[in-house]
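# 3D, please:
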Amino acid sequence: MLSSDSTLVTLAVSIAMAAGIIFSVDQLSASDDSFASETVRLLSSEAETSRDPSGAAVKRDNQPITVAQAETASGTTTDGPANSASTATQPTAERWSATAAGRVEPQQGVIDLSPEVQGIVVEKFVDVGDAVKAGDIIYRLKDDEILARWRAALNEIDVRKRERAEDPTVDEDKKKADKAKPRQEAEDAVADAHLARYDARRAFEVAYAKLKSGSGTTEAVEAARKAVTDAEAKLVDEEAKLKAEQAKDDVPLPTRLDGSLQSARDQLRLIEIALERTRVRAPSDGTIMAMTAEAGEVAVPSPLRPLVKLGDLNELAVRSELEERDIGNIGVGQDVIVRSSAYTGRDFKGKVKWVAPSLAPPKLSGRGPRSLADVDVIELTIDLEGNPPLLPGMRVDVFFKPLTKKEAAVRQ
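Next up is the predicted model:
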């Protein structure tokens, strides 16, 4: 009897366990069905949006979207990770016709400077962040050999001038010599003007170096700068006078001694040109943005590794690139909003100033050789309003406001 009762108890326990397993399987199946349904819904929703090159979400039919939609889809705001502080400052109903990445740079662009010849840097006159004016010297390369040749050529000119002054044929044909004298004097004046400009440039370099070392004054530099300007103007004036003398009909042809003297002077000018090539000067006013060489290093002419980067930081602009599909949504004069992750919650206004006339390979994000998957873009520049605190080289996001009816009509 006892054995029979144990058997019944065991059988009851087994039936209860089987019922529990069946119930768990049913619940798990229902959960799986619900999870699968939710996954399909999310994938379908995700398929309705994609991202443009700037990271903002756009509709599949390429229609403008609101900034709220773009930021909700990305999970971040345009100024950084989503948070209550930054999200509260974003316009929730504004629409953009296009978005793109950009880079801040001087409005007139960045000038890359390289030496015309290879040489060892002997002297560095400025530092990064210094303001320079057109003609200011930035680097001086080794020039000992060229200076020695310059002095030798100068001595040769003195010898040729004495030979011309002692020419015995002058007394034989006094009338012809008198007619040639105005031309000779004009040639001498041009030669003297060349030497005066050379001396003024060297004096300016000395004054500039003293100012940078702390032993000179700004007044001395400005006076030396004015002397260079005056010397250049004097040279232009004397060259014009020489051309006028050479254009006269009754001027005798140069003699052999005249030719020898002129040849020596031409040789001196070639040496002066070679000497000037050992200087790296600022072609325009601006601020030194980068320098890649110190005294003692070798500087080489290379467009891939410029010696100096120069730009006017008083006016900034944004250089941006758009894909071909967005070309119809932009135009010159169009309003834009620029945002930087460095200034969360702040909008900087600007206008499209220039749009490239053709597509080209990307420059802002291009690295290394191109691949077949690369897409050509259209380049444009945007002038920023006011004096924003952005720095050259900063990466920013550019939001293009929809074209007005007038702008759209002009584009059509």
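
# State the next helix or strand along the chain beyond the lowest-mean-pLDDT helix or strand in the chain.
Scoring the helices and strands of the chain by mean pLDDT, DSSP states H and E places helix 84-87 at the bottom, with a mean of 34. Downstream of helix 84-87, the first helix or strand assigned by DSSP states H and E is strand 98-106.

# Show me what that next one pairs with in its sheet, parallel or antiparallel.
Its sheet considered, strand 98-106 pairs with strand 316-323 (antiparallel), strand 395-400 (antiparallel) by DSSP bridges.

# Which one of those strands lies nearest to Asn329?
Between Asn329 and the strands paired with strand 98-106, the shortest gap by Cβ to Cβ is with strand 395-400, which sits at 6.6 Å. Placement of C-beta: from N, CA and C, glycine included.

# could I get that closest one in PDB with only the CA atoms?
The C-alpha trace of strand 395-400 is given here as PDB (Å, rounded to 0.1, in the frame of the first residue of the first chain):
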ATOM      1  CA  ARG A 395      36.000  72.100 -38.100                       C
ATOM      2  CA  VAL A 396      32.400  73.400 -38.200                       C
ATOM      3  CA  ASP A 397      29.000  72.300 -39.400                       C
ATOM      4  CA  VAL A 398      27.300  74.500 -42.000                       C
ATOM      5  CA  PHE A 399      23.400  74.600 -42.200                       C
ATOM      6  CA  PHE A 400      22.000  76.200 -45.300                       C
END
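
# Could you identify the helix or strand that succeeds whichever strand or helix holds Glu219?
Per DSSP H and E: Glu219 is located in helix 218-246. The element immediately downstream of helix 218-246 (helix or strand, assigned by DSSP H and E) is helix 256-276.

# which residues sit in contact with the residue minimising distance to the centre of the chain?
Centroid-nearest residue in the chain: Val110, 2.8 Å away (criterion: Cα atoms, centre = their mean). Val110 sits next to Met289, Lys309, Leu310, Gly311, Pro392 when contact means Cβ atoms under 8 Å, 6 or more residues apart in numbering.

# Listing partners with orientation, what would you give for whichever strand or helix holds the third one?
Secondary structure assignment for Leu310, by DSSP H and E: strand 308-311. Within its sheet, strand 308-311 is paired with strand 111-113 (antiparallel), strand 286-291 (antiparallel), according to DSSP bridges.

# tell me the mean pLDDT over the last one?
Confidence over strand 286-291, taken as the mean pLDDT, stands at 94.

# Could you pull out the buried residues of that strand?
By neighbour count with 16 or more other Cβ atoms under 10 Å, strand 286-291 contains the buried residues Gly286, Thr287, Ile288, Met289, Met291.

# what ranges do the helices span in this protein?
Ranges of helices in the chain, per DSSP state H, are 2-47, 67-74, 84-87, 144-165, 169-172, 174-213, 218-246, 256-276, 405-411.

# The closest residue to Asn329 other than its chain neighbours: neighbour count?
The shortest distance from Asn329 to any residue other than its chain neighbours is 3.9 Å, reached at Ser97 (Cβ to Cβ, 6 or more residues apart in numbering). Neighbourhood size, Ser97 [other Cβ atoms under 10 Å]: 19.

# Return the distance of Ser97 relative to Trp354.
Plainly put, Ser97 is 18 Å away from Trp354 if you go by Cβ to Cβ, to the nearest Å.

# average model confidence for stretch 101-117?
Average pLDDT, stretch 101-117: 92.

# cool, stretch 349-369 as well?
Taken as a whole, stretch 349-369 has an average pLDDT of 81.

# same question, stretch 250-262
Averaged over stretch 250-262, pLDDT sits at 89.

# May I have it as CSV, with CA atoms only?
The C-alpha atoms that make up stretch 250-262 are tabulated as CSV, following Å, rounded to 0.1, in the frame of the first residue of the first chain:
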residue,chain,number,x,y,z
ASP,A,250,70.1,110.7,-82.7
VAL,A,251,71.6,108.7,-79.8
PRO,A,252,74.9,107.0,-80.9
LEU,A,253,75.2,103.3,-80.4
PRO,A,254,77.1,102.1,-77.3
THR,A,255,80.8,101.7,-77.7
ARG,A,256,82.8,98.6,-76.8
LEU,A,257,83.6,100.1,-73.4
ASP,A,258,79.9,100.9,-72.8
GLY,A,259,79.1,97.3,-73.6
SER,A,260,81.7,96.0,-71.2
LEU,A,261,80.4,98.2,-68.4
GLN,A,262,76.8,97.3,-69.0
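
# Kindly tell me how buried the residue nearest to Leu141 when sequence neighbours are not counted is, as a neighbour count.
Leaving aside its chain neighbours, Leu141 sits nearest to Gly119 (3.4 Å; criterion: Cβ to Cβ, 6+ apart). Gly119 has 19 neighbouring residues, counting by other Cβ under 10 Å.

# that older thread, format the contacts of Val110 as CSV; extra columns: distance to Lys349.
As requested, the contacts of Val110 are exported to CSV (distance: Cβ to Cβ, whole Å):
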residue, distance to Lys349
Met289, 25
Lys309, 27
Leu310, 27
Gly311, 22
Pro392, 19
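
# hang on, the earlier thing: which residues make contact with the strand holding Leu310 from outside it?
Here strand 308-311 makes contact (Cβ under 8 Å, 6+ apart) with 105-106, 108-113, 132, 138-139, 280, 282-284, 286-292, 392.
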